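> A structural model of the following input is requested.
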Amino acid sequence: MLRVHLPGSWGCQTGHCAWVIRCLSVGVSGSSREPAGLGDKLSSAAVSGDSSEAENSSLPEHFLYGLEPPGLVRHILTHPPEGFVATVRAGGVPGFLAPFDLLTTADGSVRRVAECIPGARWWRGWLRWSTQFIGTTVSEYLVLPPNSDVVSLPERWLQEWAGATRLLIVKDIPESGDLLPSGEGESGLALAQACASAGFLLVEGQALAYVSMDFSSTTEYLSRLSAARRKDIRRKLKTRPQLQVEVLPTGSPELASLTFREDLYELYLAVYAQSEMHFDLLTPGFFAAVLQDASLNGRLFLYRCEAGLIGFNLCFLHAGKLIDKYVGFRYPEARVYNLYAVSWMENLEYATAQGCTHYVAGWTDPEIKAYLGASFTFTRHAVYVRQPALRALLRRFSYLFESDRNLIGNGKHA
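Numbers count the residues shown, from 1 in each chain. Here you go, the predicted model:
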């Protein structure tokens with residue numbers, strides 16, 4: 001996702017940020033309307049939450065840059081997030097249409113600047129842009145059919161898009177091959193270059209956390225951290241004996257229960273509600289399909305205390321990696337029992353026992369994951385703005401769109 005950040009001296013950047021926000025809102029208010037039917041299509045999706053124009057049968061059994069089971073992509077195309085319309089673009093690439101608030105992932109400092117601009121309540125709606133995304137919200141990276149011609153794809157996407165929405169975003173292009181098979185990292189670099197050559201603006205993306213499973217036990221893992229961090233994490237883990245942990249494979253008979261799935265979804269919504277970043281709200285239909293699909297090789301970690309179920313963590317075993325995807329917590333119990341740290345170490349123990357090469361921990365909370373010992377790899381987004389003047393503006397002020405690299409640094413964290 002795009003993250004807006006004010007680097008360096010906050011006061012120096014505030015004027016630039018306010019000016020850019022004003023220009024974006026004014027520019028949009030004077031731009032042409034969306035093509036007929038697009039607004040209705042998005043509105044319809046927002047009501048149903050489970051509509052899709054995608055042809056699932058055309059999707060491959062394996063994806064270039066895919067870290068997770070391809071079945072996850074099939075399920076999200078059938079059950080897209082609330083307000084999204086699933087698509088399959090040129091080259092058989094999954095994507096989606098969605099209204100995108102440009103301040104969705106803005107730092108708190110940027111939001112404060114925006115709210116201080118006169119008339120914010122009036123013009124804020126103009127920063128909600130209709131957007132065609134190339135990529136998915138369930139895959140860590142952009143996923144492409146195997147043997148895709150990455151050099152020609154950006155031009156094909158532009159031709160097919162033809163300015164139908166205000167933005168076209170190719171999301172999560174891998175910047176390195178840290179977690180990918182040999183050659184796929186170079187392919188990602190070639191795709192990014194092809195996007196730039198086609199006129200896209202390249203923007204740094206978020207930090208994908210992972211742990212290389214090059215240790216034999218969590219004790220050895222903790223020994224690599226600083227003494228202060230070891231002490232703090234071990235203190236948090238003292239709640240572990242008070243918890244009952246159960247691991248259910250996806251497709252287990254227990255997951256056929258609608259009542260049980262509703263309980264899990266409530267925990268997911270609790271995490272969503274307290275999150276600072278709101279973009280994709282997954283639907284009950286998506287979770288029902290995923291939880292009952294044994295072919296995904298998923299693992300549902302359930303955390304219970306005397307009061308009952310207080311958390312879950314849904315992961316997937318795929319290609320020798322444990323891929324951490326979704327969590328749900330009951331508050332305040334999750335904080336009382338330090339479920340974040342407990343579930344992190346539980347996942348590492350499970351990945352060790354399964355002989356995994358990596359534990360992939362996702363995009364959110366990079367500072368906390370760095371503290372817990374994660375390493376990071378990065379992505380880039382390729383952004384194309386329909387209106388030429390705004391395209392030039394964003395290119396000039398692209399430094400306002402920074403990645404999590406600002407929070408965790410350029411290196412990897414031990």
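> All the helices of the stretch 251-400 of the chain, in order from the start?
Ranges of helices within the stretch 251-400 of the chain are 258-274, 284-291, 333-336, 339-353, 366-371, 388-396, based on DSSP state H, counting those that start in this stretch.
> For the third one, name the packing helices and strands.
Packing partners of helix 333-336 (3 or more CB pairs under 8 Å, 6 or more residues apart in numbering; DSSP states H and E): strand 308-318. Every residue, glycine included, has its C-beta placed from N, CA and C.
> Lowest mean pLDDT across the helices of the stretch 251-400 of the chain, which one is that?
Lowest mean pLDDT within the helices of the stretch 251-400 of the chain: helix 388-396, a mean of 65.
> Residue 204 is nearest to which of the helices of the stretch 251-400 of the chain?
Taking CB to CB, helix 366-371 is the member of the helices of the stretch 251-400 of the chain nearest to residue 204, at 12.8 Å.
> Measure how far the closest one is from the centre of its chain, please.
The chain centre lies 16 Å from the centre of helix 366-371; the measure is CA atoms, centre = their mean, to the nearest Å.
> Stretch 233-251 now?
25 Å.
> Show me which residues of that stretch are buried.
Neighbour-count burial for stretch 233-251 flags 233, 236-237, 243, 245, 248, 250-251 (criterion: 16 or more other CB atoms under 10 Å).
> of these, closest to residue 187?
When the buried residues of stretch 233-251 are ranked by distance to residue 187 (CB to CB), residue 250 comes first, at 30.0 Å.
> and that closest one, backbone torsions?
The phi and psi values for residue 250, taken as degrees, to the nearest 10, are phi -60, psi 140.
> Which residue comes closest to it once chain neighbours are left out?
Leaving aside its sequence neighbours, residue 250 sits nearest to residue 298 (CB to CB, 6 or more residues apart in numbering; 3.4 Å).
> gap between the one you found and residue 243?
With the distance defined as CB to CB, to the nearest Å, residue 298 ends up 21 Å from residue 243.
> okay, residue 204: pLDDT?
84.
> quick one: residue 185 and residue 130, what's the gap?
Relative to residue 130, residue 185 is positioned 32 Å away (criterion: CB to CB).
> likewise residue 279?
Residue 279 is 15 Å from residue 130, where distance means CB to CB.
> Looking only at neighbour counts, state which of these two leads.
Neighbour count, other CB atoms under 10 Å: between residue 279 and residue 130, residue 130 has more, with 19 against 16.
> secondary structure class for the more buried one?
Using DSSP: H, G, I helix; E, B strand; the rest coil, the structure places residue 130 in strand.
> thought it was touching residue 101?
No: with contact defined as CB atoms under 8 Å, residue 130 does not reach residue 101; the gap is 11.3 Å.
> doesn't residue 241 make contact with residue 305?
No: Residue 305 is beyond contact range of residue 241, at 11.0 Å (criterion: CB under 8 Å).
> Point out where the stretch 51-200 of the chain drops to low pLDDT.
Residues of the stretch 51-200 of the chain that meet the criterion pLDDT under 70 lie in 51-59, 103-126.
> which residues of it fall in helices?
Taking DSSP H, counting those that start in this stretch to define them, one finds helices in the stretch 51-200 of the chain at 70-78, 108-116, 120-123, 153-161, 184-197.
> Please convert these to a markdown table, extending it with distance to residue 263.
A markdown table is the format used below for the helices of the stretch 51-200 of the chain (distance: least, CB to CB, whole Å):
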| stretch | distance to residue 263 |
| --- | --- |
| helix 70-78 | 20 |
| helix 108-116 | 33 |
| helix 120-123 | 38 |
| helix 153-161 | 41 |
| helix 184-197 | 39 |
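> of all those helices, which lies closest to residue 356?
Nearest to residue 356 among the helices of the stretch 51-200 of the chain is helix 70-78 (17.8 Å), distances taken as CB to CB.
> Please work out which residues outside that closest one touch it.
Residues outside helix 70-78 that contact it (CB atoms under 8 Å, 6 or more residues apart in numbering) are 50, 52, 54, 56, 59-63, 66, 86, 88, 94, 136-139, 143, 285-286, 289-290, 293, 295-296, 316, 325.
> follow-up on the earlier one: now the two most distant members of the buried residues of stretch 233-251.
Comparing all pairs in the buried residues of stretch 233-251 by CB to CB, the longest separation belongs to 233 and 251, at 33.2 Å.
> excluding its backbone neighbours, what's nearest residue 96?
By the measure of CB to CB, 6+ apart, the closest residue to residue 96 outside its immediate chain neighbours is residue 84, 4.7 Å from it.
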